[in-house]
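J.: quick one, fold the following:
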Amino acid sequence: MSQENTKRVHFIAIGGSAMHNLALALHQQGFHVTGSDDEINEPSRSRLAKAGLLPEQIGWFPEKINKDLSAVILGMHARIDNPELLKAQELGLPIYSYPEYLYKQSENKQRVVIAGSHGKTSITSMILHVLKFHQREFDYMVGAQLEGFDTMVKLSDAPVIVIEGDEYFASPLDRTPKFLHYKHHIGLISGIAWDHINVYPTFEEYVKQFEAFADASPKGSILLYSDNDDLAEYICEKERDDVTSIEYPAHKHEIIDGTTYLTSEFGRVPLQIFGKHNMRNISGAKLVCSKLGITDEMFYQAIRTFKGAANRLEVLNKNYSTIIFKDFAHAPSKVKATTNAVKKQYERKDLVAVLELHTFSSLTKEFLVQYKDCFKSADVPVVYFNPETIKHKKLQEINNKDVTEAFACDNLHVFTSSADLENYLKNIDWNGKNLLLMSSGNFGGIDLKALAKELVED
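T.: Numbers count the residues shown, from 1 in each chain. The predicted structure follows:
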């Protein structure tokens with residue numbers, strides 16, 4: 001095979017968030033990249049188009065698959081009977097899942113993998129921000145768009161790669177958790193709270209994936225874990241031959257006039273982020289950075305300029321009396337931590353917290369009870385779900401009573417119409433109140449930026 005052919009890669013389901021970023025990264029490295037998908041939404045569509053990688057037609061085209069390809073990368077959106085996949089199998093081409101190919105491109109690097117049910121995107125983002133601030137050479141894969149980074153994936157000749165490790169399975173052909181493919185030298189588990197019920201129907205089965213992650217630590221490796229998670233501690237502290245386990249606490253901090261400061265030997269360090277969960281995330285990121293040659297002083301110098309990853313307590317609008325936040329929180333542990341964080345940061349303001357139930361887990365009737373007490377910090381708790389989404393996911397119907405009982409919240413407001421939810425929010429007097437919008441979806445198509453602009457006048 002010629003040198004040119006070793007760089008010909010085809011993506012089946014190129015429109016995915018992770019997939020299109022990897023396609024862009026390989027394109028920037030000089031690879032000849034092609035791809036297909038039966039649905040490509042924004043921002044993937046515009047970003048692929050700008051790079052000249054947007055498929056001319058939507059759909060699957062087996063004729064795109066030929067023996068000149070060095071690799072076919074299979075996305076989660078594809079099915080096992082995908083015609084392009086069948087053609088690749090027929091030709092005997094190398095077929096990789098996303099994480100398998102990422103590992104293939106980083107076999108000779110030091111690999112840092114950040115795992116956990118919550119906090120992994122934020123911890124990864126903090127590490128990347130600090131390394132970039134100090135002009136270190138590194139590659140990465142992170143699950144959110146970051147300020148100052150063109151893509152969510154970078155591959156180069158850098159000696160180290162920092163990867164956000166997901167416990168979801170790798171591809172339609174491979175039910176191995178993604179994070180097991182990366183073969184970490186430094187591994188971190190931020191915490192364990194049951195999620196992905198469609199893949200791991202029992203909590204025990206879910207926990208086993210993190211045990212496998214820890215057990216995969218090679219000799220001479222390091223395992224880091226949060227000190228407030230009993231399961232992470234139990235898993236990481238098990239004796240393993242020549243593996244060092246280190247716990248980290250929430251960083252010492254104080255809140256003064258609505259700003260959070262880290263307390264350190266170098267004095268107070270003002271932050272642009274807040275919340276007890278983020279203080280733990282900072283400690284995890286600081287510990288990883290120390291293993292990569294970043295001193296404490298260098299870390300504090302950089303972290304004060306970190307604004308957070310996209311959709312992580314992102315400010316949509318604010319004025320003198322009100323702030324409107326948007327957050328990706330959807331799993332119970334994330335909802336509780338995020339709600340607590342906003343209320344504690346702004347104790348004198350009422351908090352209206354709105355959660356969209358959108359994921360497979362959150363819309364499963366048996367799983368709903370996991371949300372009990374998640375809204376204890378909210379003055380006005382609100383839940384929205386779309387019955388059509390439940391039908392689309394082929395789940396058992398749930399109703400307002402099911403949600404209210406599961407959340408164990410007497411003053412809970414439940415909506416199944418996005419228009420009704422929008423009208424409800426527009427009729428609130430927002431003086432002295434904050435709004436927290438939490439979802440991995442889009443609240444039934446509500447334009448959140450336009451809504452935030454309407455609710456809060458400058």
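J.: do you know how far the spatially closest residue to Leu224 that is not a sequence neighbour is from Phe266?
T.: If you skip the residues right next to it in sequence, Leu224 has Leu188 as its closest partner in space, 4.2 Å away by C-beta to C-beta, 6 or more residues apart in numbering. For glycine as for every other residue, the C-beta is placed from the backbone atoms N, C-alpha and C. Separation of Leu188 from Phe266 (C-beta to C-beta, to the nearest Å): 24 Å.
J.: give the residue from the two that has the larger number of neighbours.
T.: The neighbour comparison of Leu188 against Phe266 (other C-beta atoms under 10 Å) goes to Leu188, with 29 against 12.
J.: ok, residues contacting the helix or strand hosting that one?
T.: Leu188 is part of strand 186-189, with elements assigned from DSSP states H and E. Residues from elsewhere that reach strand 186-189 (C-beta atoms under 8 Å, 6 or more residues apart in numbering): 110-116, 123, 165, 210, 213-214, 217, 221-226, 229, 232, 235-236, 284, 287-288, 291.
J.: which ChimeraX command selects the buried ones in these?
T.: Below is the selection syntax for ChimeraX that covers the buried ones among the contacts of strand 186-189, with 16 or more other C-beta atoms under 10 Å defining burial:
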select :110,111,112,113,114,115,116,123,165,210,213,214,217,221,222,223,224,225,226,229,232,235,236,284,287,288
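J.: just the contacts of strand 186-189: which are in strands?
T.: Within the contacts of strand 186-189, membership in strands is found for 110-115, 222-226, as judged by DSSP state E.
J.: just send those back as a markdown table, with pLDDT too.
T.: As requested, the ones in strands among the contacts of strand 186-189 are arranged in a markdown table below (pLDDT from 0 to 100):
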| residue | pLDDT |
| --- | --- |
| Gln110 | 98 |
| Arg111 | 98 |
| Val112 | 98 |
| Val113 | 98 |
| Ile114 | 98 |
| Ala115 | 98 |
| Ile222 | 98 |
| Leu223 | 98 |
| Leu224 | 98 |
| Tyr225 | 97 |
| Ser226 | 95 |
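J.: go through those residues and say which is closest to Ile65.
T.: Compare each of the ones in strands among the contacts of strand 186-189 with Ile65 using C-beta to C-beta and the shortest gap goes to Arg111, at 30.3 Å.
J.: check contacts around that closest one.
T.: 103, 160-161, 163, 182-186.
J.: partners of the strand holding Leu188 in the sheet?
T.: Strands that pair with strand 186-189, judged by DSSP bridges, come out as strand 110-115 (parallel), strand 222-226 (parallel).
J.: how far is the last one from where the chain is centred?
T.: From the chain centre to the centre of strand 222-226 is a distance of 19 Å (C-alpha atoms, centre = their mean, to the nearest Å).
J.: swap in stretch 299-306?
T.: Distance, stretch centre to chain centre, for stretch 299-306: 21 Å (C-alpha atoms, centre = their mean).
J.: buried residues in it?
T.: In terms of neighbour count (16+ other C-beta under 10 Å), stretch 299-306 has its buried residues at 299-303, 306.
J.: cool, stretch 78-85 as well?
T.: In stretch 78-85, counting by 16+ other C-beta under 10 Å, buried: 78, 82-85.
J.: out of those residues, which one has the weakest pLDDT?
T.: In terms of pLDDT, the lowest of these is Ala78, showing 93.
J.: ok, Cys236 touching Asp230?
T.: No - in this structure Cys236 lies outside contact range of Asp230 using C-beta atoms under 8 Å: 11.0 Å.
J.: out of the contacts of Arg111, who has the most neighbours?
T.: Busiest of the contacts of Arg111 [other C-beta under 10 Å] is Ile163, holding 27 neighbours.
J.: on that earlier part again, separation between the residue nearest to Leu224 and Lys344?
T.: Going from Leu188 to Lys344 by C-beta to C-beta gives 25 Å.
J.: pull the contacting residues for the nearest residue to His20 once chain neighbours are set aside.
T.: Once its chain neighbours are removed from consideration, His20 has its nearest residue in Ser44; the separation is 4.3 Å (C-beta to C-beta, 6+ apart). Residues in contact with Ser44, defined by C-beta under 8 Å, 6+ apart, are 14-17, 20.
J.: identify the residues contacting the longest strand seen in the chain?
T.: For the chain, the strand reaching the highest residue count under DSSP E is reported as strand 350-357. When contacts are defined by C-beta under 8 Å, 6+ apart, strand 350-357 is touched by residues 329-330, 335, 339, 342-343, 363, 374-375, 377-385, 403, 421, 425, 428, 432-441, 443-444.
J.: so how far is that strand off the chain centroid?
T.: Distance, centroid of strand 350-357 to centroid of chain: 20 Å (C-alpha atoms, centre = their mean).
J.: got the domain ranges for the chain?
T.: Under the assignment automatic domain parsing, the domains of the chain span 5-93, 102-303, 314-455.
J.: what about the longest one, distance to the chain center?
T.: A distance of 11 Å separates the C-alpha centroid of domain 102-303 from that of its chain, computed with C-alpha atoms, centre = their mean.
J.: any weak-confidence spans in the stretch 201-350 of the chain?
T.: Scanning the stretch 201-350 of the chain for pLDDT under 70 picks out nothing.
J.: what about the helices in it?
T.: 203-215, 230-236, 276-291, 296-303, 332-345 (DSSP state H, counting those that start in this stretch).
J.: and Asp402, what element?
T.: Of the helices and strands defined by DSSP H and E, Asp402 is found in helix 400-407.
J.: can you check Val9 too?
T.: Val9 belongs to strand 8-12 when assigned by DSSP H and E.
J.: ok, that strand: who's next to it in the sheet?
T.: Strand 8-12 has the following sheet partners, assigned by DSSP bridges: strand 32-36 (parallel), strand 71-74 (parallel).
J.: quick one: which of these is nearest Ala250?
T.: Among those, the nearest to Ala250 by C-beta to C-beta is strand 71-74 (38.4 Å).
J.: and the helix or strand following the closest one, what does it pack onto?
T.: Read in the C-terminal direction, the helix or strand following strand 71-74 is helix 83-91, with elements assigned using DSSP H and E. Helix 83-91 makes packing contacts with strand 8-12, strand 71-74, strand 95-97 when contacts are defined by 3 or more C-beta pairs under 8 Å, 6 or more residues apart in numbering; DSSP states H and E.
J.: chain center to helix 83-91: distance?
T.: Between the centre of helix 83-91 and the centre of its host chain there is 31 Å, according to C-alpha atoms, centre = their mean.
J.: now it - C-alpha only, PDB.
T.: What follows is helix 83-91 as a C-alpha-only set of coordinates in PDB (Å, rounded to 0.1, in the frame of the first residue of the first chain):
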ATOM      1  CA  PRO A  83     -24.600  -1.000   3.800                       C
ATOM      2  CA  GLU A  84     -21.200   0.700   3.900                       C
ATOM      3  CA  LEU A  85     -20.200  -1.400   6.900                       C
ATOM      4  CA  LEU A  86     -21.300  -4.600   5.200                       C
ATOM      5  CA  LYS A  87     -19.200  -3.600   2.100                       C
ATOM      6  CA  ALA A  88     -16.200  -2.800   4.300                       C
ATOM      7  CA  GLN A  89     -16.500  -6.200   6.000                       C
ATOM      8  CA  GLU A  90     -16.900  -7.900   2.600                       C
ATOM      9  CA  LEU A  91     -13.600  -6.300   1.400                       C
END
